[in-house]
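Peer 1: structure for this input, please:
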Amino acid sequence: MSIDHTQEFLSFSLGGQEYGLDRRQVREWCRQGALDRFANGTQLVPGVARSRGVIMPIVDMRAAFAGHPLPHDPRSEVIVLTLSHCVMAMVVDQVGDVVTLRPDQVSAVPCCDGLAPADYLLGLGEVDGRRLILVDIDRLMTIGRHKTDCLV
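Peer 2: As a prediction, this is how the structure comes out:
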């Protein structure tokens, strides 16, 4: 899968890799401590928070990629997303910038050992010597869940 028109992506980093997601789905981003957290949960969904009057689950993408809980890091950032079925927040190592990509700057994700790439990967974007793994965040956040569940 790849993009078929010029598109803006918000870049963010996780575990030393740079990723991009559709900028149109981003409501805001802030430091983790800026959200009003009021409930605790699991390692992957460590709780819920409120931002601008909206209560939403928080997904710690750092823990998802590391495979184990990570200590609170005040430098971690949160991206608040509007998905097709809910509003949610995800914790990442760092938010980068908004990158505009043309279709010719996006290549297909290579297959590994004959396996098809995950359907939530849009492709690999390249701009100014940077390589971003482009993610369909809506698909990623609904893996193994009904669209109405919104991870909670």
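
Peer 1: mean confidence score for stretch 30-37?
Peer 2: For stretch 30-37, the mean per-residue pLDDT is 64.

Peer 1: kindly report the same for stretch 132-144.
Peer 2: On average, stretch 132-144 scores 86.

Peer 1: and it, what's buried?
Peer 2: Under the neighbour-count criterion of 16 or more other C-beta atoms under 10 Å, stretch 132-144 has 132-142 buried. From N, CA and C alone the C-beta is placed, and that goes for glycine too.

Peer 1: how near is Leu140 to Leu21?
Peer 2: Going from Leu140 to Leu21 by C-beta to C-beta, to the nearest Å gives 9 Å.

Peer 1: and if you look at Ile58?
Peer 2: 16 Å.

Peer 1: most centrally placed residue in the protein?
Peer 2: Taking C-alpha atoms, centre = their mean, the centroid of the chain lies closest to Ile137, which sits 5.6 Å from it.

Peer 1: so that one makes contact with Arg23?
Peer 2: No. Assessed by C-beta atoms under 8 Å, Ile137 is found out of contact with Arg23, at 10.9 Å.

Peer 1: and the lowest mean pLDDT element among the helices and strands of the protein?
Peer 2: strand 36-40 (a mean of 55; mean pLDDT, DSSP states H and E).

Peer 1: next SSE after it?
Peer 2: strand 47-51 (DSSP states H and E).

Peer 1: element containing Glu58, please.
Peer 2: One thing to correct before we go on: residue 58 is Ile, not Glu. With DSSP H and E as criterion, Ile58 is part of strand 54-60.

Peer 1: list the buried residues for that strand?
Peer 2: Across strand 54-60, burial judged by 16+ other C-beta under 10 Å covers 56-60.

Peer 1: who does it pair with, and is each partner parallel or antiparallel?
Peer 2: Strand pairing for strand 54-60, determined by DSSP bridges: strand 47-51 (antiparallel), strand 87-92 (parallel).
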